[in-house]
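Student: I need the structure of the sequence given here:
(2 chains)
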Amino acid sequence: MSFTLIGKHEKDKRSCRDGYVQAMLELMEADKSVVHVDCDLMGCINTKKLLAAYPDRTINAGIAEANAMGVAAGLTATGKKVWMHSFGCFSSRRAFDQAFMSAAYAKLGVKILGSDPGVCAAYNGGTHMPFEDCALYLSVPDAIVIDPVDYAQVYALTKKLTAVDGRISYMRMIRKGFTTIYADGSDFEIGKGVTLKESADDQATVIASGIMVDEALKAYEALEAEGIQIRVIDMFTWKPIDEELIVKAAKETGAIVTAENHNCTCGLGSAVARVLAEQCPAPVEMVGVHDQFGQVGAQNFLQEAYKLTAEEIIANVKKVIARK
Amino acid sequence: MQKAEKMQALREFAAEIRVETLKTIGSLGFGHVGGSMSIVEAMAVLYGDVMKVDPKNPRWEDRDWCVLSKGHAGPCAYATLALKGFYPLEETRTLNKPSTNFPSHTDRTKTPGVDLTTGSLGQGMSTATGAALGNKIDGRDNHVYVFVGDGECDEGQVWEAAQFAAHYKLDNLTCFVDNNKNQLDGAVDSVMSHGKGIGAKFDAFGWNVIDVADGNDVEQIYDAVHEALTVKGVPTCIVLNTIKGKGATFAEPSAAHSSQPSPEQWEEAIAAAEAELAAVKAAK
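Tutor: Just a heads-up that it's a prediction; the model follows:
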């Protein structure tokens, strides 16, 4: 793992989907076994570029996600390395029995891509807003669950996950309008969190992923100005979660705040809390969606509505420090 | 080999599969007898003549594939594969016992020769379709056979896969419909009827459809499979009009989905199947 933090809260002119497509163009050129299966959403993540370059290995399964997942598993059984994409709500809920039995249980390592995670579904509204997609995949034995943040991370992890055999993975992906955290060329290891900020004076740790990483970095800056040092971890792998790093943070800082664009009762917050309860009990506060459905609106409105903000992280850091 | 000799050999193989399937399920005492018995003849034709397989190398890349989307017919596959030499017959007698490699529903991670994992109905249709596409992408000269039940055709996923296979012109895919006219809660027509018929549905989805009047007759199945192999540009559906529980004395009259007969009924059924095997051999 070698990364360069940018973290200046600036929007990238590219999209995360460009990171996926660029990685796939390189993978498909180098390896004839790499296949992309889509569900009539190629226009949404620019995979028509893959179709143009590799028409025999870019498969549009139409609006039929359950079958697409099964086809992906069958392709995998013939030796293919297969990515299956739909919106996060459909590549989880709509195709879950197929992901579970045809792929995971059968040890066929389909790589599942779910775009528009959580509030990123924005104007598609509550019907399309998955706060439970990762929860479903967290429940699958041996699955890998990833909530990445930007172009560089999606690019690197697309390549890493493609090489994984015999176990399924689910990766969320913001389509557009994300904030750059890492410089291009940064590398990441599945199952290893990234410590973005740390000092000997840290009073608490914020464990975040996806769009909440930038909010955590904003919270860090605001708290530092108040004289409160915190540690910030990008926990992009939710499963297998980096238990060692969580326990180290709890021992060294004594308090934890989790931050996720997902239902925290069955997501990153609960996963971190399980590790702490078993290995190193410490006070925890969770920033995330608290058992609610999604709704329609602009992403910034939704982040305010569900309190997925730096301000909420700051308030919870202070709250958790007071509980120490 | 002349066709008549070949049919005789396939009838014998089918009679052996029936005996061994009954002994396999009988070793436990209960199980999915009905849907295992109805596809015996089709399995005999596939593994006795049509399919290229290598029992010493079950994952041979150029093999033909067989997927029981109706995964509960696993015991029939286990007996067939054992008779074909994939593993000793006695191993099948561990069916559903602790740590067995022969679970109720077929599992590619456990049983040599089982190509895909099935059990949640409808799913094998999609995975078989994916396997056919993968083989086509790689230009392999092989074929994928998939069995779906008529009750299973209630599942929407069967039809999602059917439209996909036709769209991608998967002529290396053949789907057998085990049209035994019964599902768990009763007659298919009473539980969930199929409109103008399952064959008509496949036809509407763009498939080549062959109706086999007696789906428990090896010669009719043999002819249909070889006809299917000549059809290019579309997948073929072979509707096998079968009898649920065929040849199992306790199961055939009731067309039951699963059976738990008494030990005496098991003995009677196995004896009857063995007598049938002897009669088929004597007819040579």
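Student: Format the CA atom coordinates belonging to the stretch of helix or strand residue B:13 belongs to as PDB.
Tutor: Secondary structure assignment for residue B:13, by DSSP states H and E: helix B:3-26. Coordinates of each C-alpha in helix B:3-26 appear next as PDB, following Å, rounded to 0.1, in the frame of the first residue of the first chain:
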ATOM      1  CA  LYS B   3     -28.800 -47.500 -33.900                       C
ATOM      2  CA  ALA B   4     -30.900 -50.400 -32.600                       C
ATOM      3  CA  GLU B   5     -27.900 -51.600 -30.600                       C
ATOM      4  CA  LYS B   6     -27.200 -48.200 -29.300                       C
ATOM      5  CA  MET B   7     -30.800 -47.800 -28.100                       C
ATOM      6  CA  GLN B   8     -30.600 -51.200 -26.400                       C
ATOM      7  CA  ALA B   9     -27.400 -50.000 -24.600                       C
ATOM      8  CA  LEU B  10     -29.200 -46.700 -23.600                       C
ATOM      9  CA  ARG B  11     -32.200 -48.600 -22.300                       C
ATOM     10  CA  GLU B  12     -29.900 -50.700 -20.200                       C
ATOM     11  CA  PHE B  13     -28.100 -47.700 -18.900                       C
ATOM     12  CA  ALA B  14     -31.300 -46.000 -18.000                       C
ATOM     13  CA  ALA B  15     -32.500 -49.100 -16.100                       C
ATOM     14  CA  GLU B  16     -29.200 -49.100 -14.200                       C
ATOM     15  CA  ILE B  17     -29.500 -45.400 -13.400                       C
ATOM     16  CA  ARG B  18     -33.000 -46.000 -12.100                       C
ATOM     17  CA  VAL B  19     -31.900 -48.900  -9.800                       C
ATOM     18  CA  GLU B  20     -28.900 -46.900  -8.500                       C
ATOM     19  CA  THR B  21     -30.900 -43.700  -8.000                       C
ATOM     20  CA  LEU B  22     -33.400 -45.600  -5.900                       C
ATOM     21  CA  LYS B  23     -30.600 -47.300  -3.900                       C
ATOM     22  CA  THR B  24     -29.000 -43.900  -3.400                       C
ATOM     23  CA  ILE B  25     -32.100 -42.200  -2.000                       C
ATOM     24  CA  GLY B  26     -33.100 -45.500  -0.300                       C
END
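Student: so what does it touch, helix or strand wise?
Tutor: If you count contacts as 3 or more CB pairs under 8 Å, 6 or more residues apart in numbering or on different chains; DSSP states H and E, helix B:3-26 packs onto helix B:33-37, helix B:40-45, helix B:74-84, helix B:218-228, helix B:263-282. For every residue, glycine as well, the C-beta is placed using N, CA and C.
Student: So for chain A, which of the ones you listed sits nearest?
Tutor: Minimum separation from chain A across the helices and strands packed on helix B:3-26 (CB to the nearest CB) falls at helix B:74-84, 14.1 Å.
Student: ok, now how distant is the nearest residue to residue A:241 once chain neighbours are set aside from residue A:280?
Tutor: Nearest residue to residue A:241, sequence neighbours excluded (CB to CB, 6 or more residues apart in numbering or on different chains): residue A:271, at 5.2 Å. Distance of residue A:271 to residue A:280, given as CB to CB, to the nearest Å: 14 Å.
Student: So for those two, which sits in the more crowded spot?
Tutor: Neighbour totals were compared for residue A:271 and residue A:280, and residue A:271 leads with 24 against 16 (other CB atoms under 10 Å in any protein chain shown).
Student: does that one sit in a helix, a strand or a coil?
Tutor: helix (DSSP: H, G, I helix; E, B strand; the rest coil).
Student: That one against residue A:243, yeah?
Tutor: No - judged on CB atoms under 8 Å, residue A:271 makes no contact with residue A:243 at a distance of 9.7 Å.
Student: Give me the secondary structure label for residue A:247.
Tutor: Under three-state DSSP, residue A:247 comes out as helix.
Student: Please name the residues that touch it.
Tutor: A:275-276, A:279-280 (CB atoms under 8 Å, 6 or more residues apart in numbering or on different chains).
Student: What of residue A:288?
Tutor: Neighbour list for residue A:288: A:258-264, A:267-269, A:306, A:308 [criterion: CB under 8 Å, 6+ apart].
Student: helix/strand/coil for it?
Tutor: Going by three-state DSSP: residue A:288 is strand.
Student: What sits closest to it if chain neighbours are left out?
Tutor: Per CB to CB, 6+ apart, closest to residue A:288 is residue A:264, 3.2 Å.
Student: what's the neighbour count on the one you found?
Tutor: By other CB under 10 Å, the residues close to residue A:264 number 23.
Student: how many neighbours does the nearest residue to residue A:60 once chain neighbours are set aside have?
Tutor: Nearest non-adjacent residue to residue A:60, counting by CB to CB, 6+ apart: residue A:38, 5.3 Å away. Residues near residue A:38, counting by other CB under 10 Å, number 24.
Student: residues contacting residue A:38?
Tutor: Residue A:38 sits next to A:45, A:47, A:58-61, A:68, A:84-86 when contact means CB under 8 Å, 6+ apart.
Student: for residue A:105, same thing?
Tutor: Contacts of residue A:105 (CB under 8 Å, 6+ apart): residue B:117.
Student: same thing with residue A:133?
Tutor: Taking CB under 8 Å, 6+ apart, we find residue A:133 in contact with A:88-89, A:91-93, A:114, A:117, A:170, A:172, A:262.
Student: same deal with residue A:303?
Tutor: A:119, A:211, A:215, A:309.
Student: Keep only those of these that are also close to chain B.
Tutor: Counting by CB under 8 Å from any CB of the partner chain, nothing from the contacts of residue A:303 sits close to chain B.
Student: Perfect, I'm done here.
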